[in-house]
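Visitor: got a structure for you, letters missing:
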């Protein structure tokens, strides 16, 4: 089943989606933005990540209930818990907001929260192999976005949440996570009902949801000047 990892890496539609993310209007917007405009964009990303993080923690619990005390899933939950700490620090230090202030005072944006819905569906219904491959592909794309945005918005202030994920691109970190995924795939048994086509469909959904998240932050075809008026 480890061969599925190589197949996924070669899927043209997934590669196209990664390229689309790297060319998303959010990058062009940040490139020509004032510091205040940058702050609005990055603050909105972090605020929406509060709702996504809450959903992800509950979703992994659903996966654990389905698959048992699986090491990959337990490590995933621990990683989300740690990233929540960095999100809290970013909100408070850079934007002067607490977790509670975001939860009770900021509206979850539907386009951004599509990601939470798709992630939850995958955790609740898919095999461990599909979950592992979906996280491999999605984390790579998210890490690239975090790197590009944290570099472009470096004048905004400390951004430990984005910088944390940007480190996923470092060779040693990427290799370590790939090894974890290989371990999951090596343990897939016939009873686990892993189906490559179904897996690929789930990953497509998750990657489209990632793109939709950023469409909710800076809509396609919209300049940052227009966005600032929203």
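Guide: It's in. Worth saying up front: this structure is predicted, and the values here are computed from it rather than measured.
Visitor: residue closest to the middle of this structure?
Guide: Among the residues of the chain, the one closest to the centroid is residue 142, at 4.7 Å (C-alpha atoms, centre = their mean).
Visitor: ok, and the closest non-adjacent residue to it?
Guide: residue 165 (5.9 Å; C-beta to C-beta, 6 or more residues apart in numbering). For every residue, glycine as well, the C-beta is placed using N, CA and C.
Visitor: Pull the contacting residues for residue 94.
Guide: Counting by C-beta atoms under 8 Å, 6 or more residues apart in numbering, residue 94 touches 42-43, 156-159.
Visitor: The residue nearest to residue 142 contacts residue 144, doesn't it?
Guide: No. The criterion here is C-beta atoms under 8 Å, and residue 165 misses it with residue 144 at 9.2 Å.
Visitor: What separation is there between residue 182 and residue 139?
Guide: 15 Å (C-beta to C-beta, to the nearest Å).
Visitor: Who has more neighbours out of these two?
Guide: Counted by other C-beta atoms under 10 Å, residue 182 and residue 139 do not tie: residue 139 has more neighbours, with 19 against 15.
Visitor: Helix or strand: which one has the more buried one?
Guide: Per DSSP states H and E: residue 139 is located in helix 128-152.
Visitor: In that helix, which residues are buried?
Guide: Residues of helix 128-152 classed as buried by neighbour count (16 or more other C-beta atoms under 10 Å): 128-150, 152.
Visitor: Against residue 121, how distant is residue 68?
Guide: Taken as C-beta to C-beta, the span from residue 68 to residue 121 is 20 Å.
Visitor: Give me the more crowded residue out of the two.
Guide: It is residue 121, of residue 68 and residue 121, that has more neighbours when counted by other C-beta under 10 Å, with 16 against 9.
Visitor: Now do whatever helix or strand that one lives in: which elements does it pack against?
Guide: Using DSSP H and E, residue 121 falls within helix 110-125. Where contact means 3 or more C-beta pairs under 8 Å, 6 or more residues apart in numbering; DSSP states H and E, helix 110-125 is packed against helix 35-67, helix 128-152, helix 196-217.
Visitor: Ok, which of those helices comes nearest residue 188?
Guide: helix 128-152 (4.6 Å; C-beta to C-beta).
Visitor: Which one (most neighbours) among the contacts of residue 94?
Guide: residue 42 (25 neighbours).
Visitor: Wait, that one touches residue 151, no?
Guide: No. Using C-beta under 8 Å, residue 42 is not in contact with residue 151; the gap is 11.8 Å.
Visitor: any weak-confidence spans in this protein?
Guide: For the chain, applying pLDDT under 70 flags the ranges 1-2, 189-193, 220-230.
Visitor: before we move on, back to that, could I get the helices and strands packed on helix 110-125 as TSV with distance to residue 115?
Guide: Output for these, formatted as TSV (distance: least, C-beta to C-beta, whole Å):
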stretch	distance to residue 115
helix 35-67	6
helix 128-152	9
helix 196-217	4
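Visitor: So for residue 73, which of those sits nearest?
Guide: helix 35-67 (5.3 Å).
Visitor: how about that closest one: buried residues?
Guide: Quick answer for helix 35-67 (16+ other C-beta under 10 Å): 37-56, 59-60, 62-64, 66-67.
Visitor: same question, stretch 15-35
Guide: Buried residues in stretch 15-35 (16+ other C-beta under 10 Å): 17-18, 21, 24-27, 29-30, 33.
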